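Student: Kindly return the folded structure for what I paste below:
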Amino acid sequence: METILIVDDEKNYPLILSAILEEEGFETFTANSGGEALDILSNTDIDLVLTDMKMPSMDGIELLEKIKAKDHDLPVIMMTAHGTVDKAVEAMQKGAYSYILKPFDNDRLIIYVNKAVGMYRVVKENRQLRDAVESKYRLGNIIGKSKVMQDVFETIKKVATASATVLIEGESGTGKELVAKSIHFNSSRRDKPFVAVNCSALAENLLESELFGHEKGAFTGAVTMKKGRFELADSGTLFLDEIGELSPNLQVKLLRVLQDKIIERVGGVKPMSVDIRIIAATNKRLKDEMLNGRFREDLFYRLNVVHIVLPVLKERKEDLGLLVDHFIGKYKDERKSDILISGIDPEVKRLFYAYNWPGNVRELENVIERAMVLCQGSTIKVSDLPKEFKNSIDNSLDVESIPADAKLDETLAMIEKMMLERALKLTNNVQSQAAELLGIGKSGLNWKIKKFKLEIGSKT
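Tutor: Purely as a prediction, here's the structure:
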C-alpha cells in the first residue's frame, strides 16, 4: 500500500484529504507544519508528499527543498491558491512533480496522485534492481578464501577507486566478467552503464559496427543510424571480452580510443568524445600473443595498466566447499521437491577434490545445478552427478604398474602416504578438512602424519 503525507496548516484540510485518499486505497499521514512533515519523513517510508504552498514558519518551497535534499526522486505535489501560481511555477523548477489549484475537483486530485505514485513506484523498482545488481557483484559475492583469490580481492578494491584500464587474464569459466562487474559496481561509475562485448562472437565488420556504431547508409542494410557500444558506455565501463581475438584493423582503432578518447561511427566523419573505462579480458596470454606478432605491442601496454590473473579451479581447491555451498543455495529455489539439499556426500566431495575441473568454476556450477535436478534426498550423491562427469574421472588403480615382487605392506604404506600428502595439499594443510576428505578422525590423521614424518604447516 502506497503512503501519502498531507501537509497543510489548516487543521481540517489534511483530515478531509486523508479521508478521500484512503477511500482510494492509500495509507495517509498528516502534518500541520513543515517541521512536523520532516519528522514524519525521517521515520516513515513515504511515496508522495501533498503540501500546501503557503504556510507559516516553513512554506512549501522550503519544505520542497528539504525533501529533495533527502530524496531527489520523491514526488511532491504543491497545493496552491490562484494568488500563488508564480510560486507554484518556481516549485516546479525546483523539482516539484506538479501543482494543483485550490479549490480542486476530487477526481482531478486522484488522477494527479495516481500518476505521481505510479512514477515513484517505477523509480523504486529501478532502485531495487540496481541495488540487487550491485549486491550481486560486491566483493563478498566472489567466492574464495584461498590466498590467490584474496590477492585478487585486494587488487579489485584498489583498482575500483581509480579509472585505470584493466586487463584480466584467465581460462574460460574462471569468472572474468564477474570480476569486471565487481570493479565497475564498486567504482564511482557504478550508476553509469556497464556494457559488455564479446570480441570473438562477431565477424570483423559486424564487430566494428557494434563497437563504433554506424551512420545511415554506411553499408548495405544500414537503414538507420545506430549508436555503438562505445557511445552506450559513455561515462561508464566497457568490458571487452576475448580481446585477443581483435583483428589488426580493430586493434588500431581501439588504440586510438584509448589514446584520444575519440570515436567515429562507421561511415561518419564527425569525431565524438567518450568518457569510458575499458576493462579487457582474454583466455590467452596476451604477452605471448604480442611477442608472436598477433597483438600490437602499443595496444598491449595501453590495456595492461592493471593486470589481474584469475587462477584455475584446480589451483584453489580449498575454495571448493564454499563454491559448492554457494551454488546449492543459488539453485535451491528451482527444485520441485520439498526436501532441502544440505550438502554433498563425502564420496562426492572426494571426487570433486580429485577432479581437475578443466571448465573451472563454470563447470562446477553446471555439475551442481544438474545434480540438484536429479537429487531426491537431502544430500547430493554420486548417483546424482551427470554421467559425463563421472565418466571423466579415472578412479582405477593401475596394479600392473606395481612391481610383481613388491611387498603388500610396503605398497599399501606408500599409497597411504601419497593419499595423505594429496589430501593435505588439496586442503592447504588444514588438517580438519584433510581428515574429513580422507574419512578419518583428526586424531587418526595426526598419528599418520607422525608415522610418515610428513612436514606440514600449523594449520588446523
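Student: Verify the contact between residue 54 and residue 60 for me.
Tutor: Yes. When contacts are counted by CB atoms under 8 Å, residue 54 is listed as touching residue 60 (7.0 Å). The way it works is simple: take the backbone N, C-alpha and C, and place the C-beta from them, glycine included.
Student: Residue 311 and residue 170 touch, don't they?
Tutor: Yes. If you go by CB under 8 Å, residue 311 and residue 170 touch, sitting 7.5 Å apart.
Student: Confirm residue 4 sits in a strand?
Tutor: Yes. Counting by DSSP: H, G, I helix; E, B strand; the rest coil, residue 4 falls inside a strand.
Student: how far away is it from residue 68?
Tutor: Per CB to CB, to the nearest Å, residue 4 is found 17 Å from residue 68.
Student: can you give me the strands in the stretch 201-350 of the chain?
Tutor: Per DSSP state E, counting those that start in this stretch, the stretch 201-350 of the chain carries strands over the ranges 213-214, 226-227, 237-241, 262-263, 272-273, 277-282, 306-309, 343-344.
Student: ok, residue 6 - contacts?
Tutor: Contacts for residue 6 (CB atoms under 8 Å, 6 or more residues apart in numbering) come out as 13-14, 17-18, 21, 28-31, 50-51.
Student: Next step: those residues restricted to strands.
Tutor: Judged by DSSP state E, strands contain the following of the contacts of residue 6: 28-31, 50-51.
Student: what's the closest of those residues to residue 217?
Tutor: Closest to residue 217 out of the ones in strands among the contacts of residue 6 is residue 50 (52.1 Å), distances taken as CB to CB.
Student: surely the closest one meets residue 16?
Tutor: No. Residue 50 is beyond contact range of residue 16, at 11.9 Å (criterion: CB under 8 Å).
Student: higher neighbour count, those two?
Tutor: residue 50 (26 against 13; other CB atoms under 10 Å).
Student: Let's see the pLDDT reported for the more buried one.
Tutor: As summarised for this prediction, residue 50 has a pLDDT of 96.
Student: go on, residue 134?
Tutor: 49.
Student: Check residue 405 too.
Tutor: 66.
Student: Tell me how many other residues surround the residue lying closest to residue 90 once chain neighbours are set aside.
Tutor: Distances taken as CB to CB, 6 or more residues apart in numbering place residue 61 nearest to residue 90, at 6.5 Å, with adjacent residues excluded. Neighbour count for residue 61, taken as other CB under 10 Å: 20.
Student: next one: the one 10 residues further on
Tutor: Burial of residue 71 is recorded as 14 neighbouring residues (other CB under 10 Å).
Student: before we move on, what about residue 95?
Tutor: Using other CB under 10 Å, residue 95 has 15 neighbouring residues.
Student: A strand includes it, no?
Tutor: No. Counting by three-state DSSP, residue 95 is not part of a strand but coil.
Student: Contacts only, for the nearest residue to it once chain neighbours are set aside.
Tutor: Distances taken as CB to CB, 6+ apart put residue 68 closest to residue 95, at 4.8 Å, once the chain neighbours are dropped. With contact taken as CB under 8 Å, 6+ apart, residue 68 is in contact with 74, 76, 94-95.
Student: mind redoing it with 10 Å?
Tutor: 74, 76, 94-96 (CB atoms under 10 Å, 6 or more residues apart in numbering).
Student: what's the answer for residue 267, then?
Tutor: 209, 212-219, 222, 225.
Student: what do you get for residue 46?
Tutor: The contact partners of residue 46, by CB under 10 Å, 6+ apart, come to 2-5, 27, 29, 37, 40, 67, 71, 74-75, 120.
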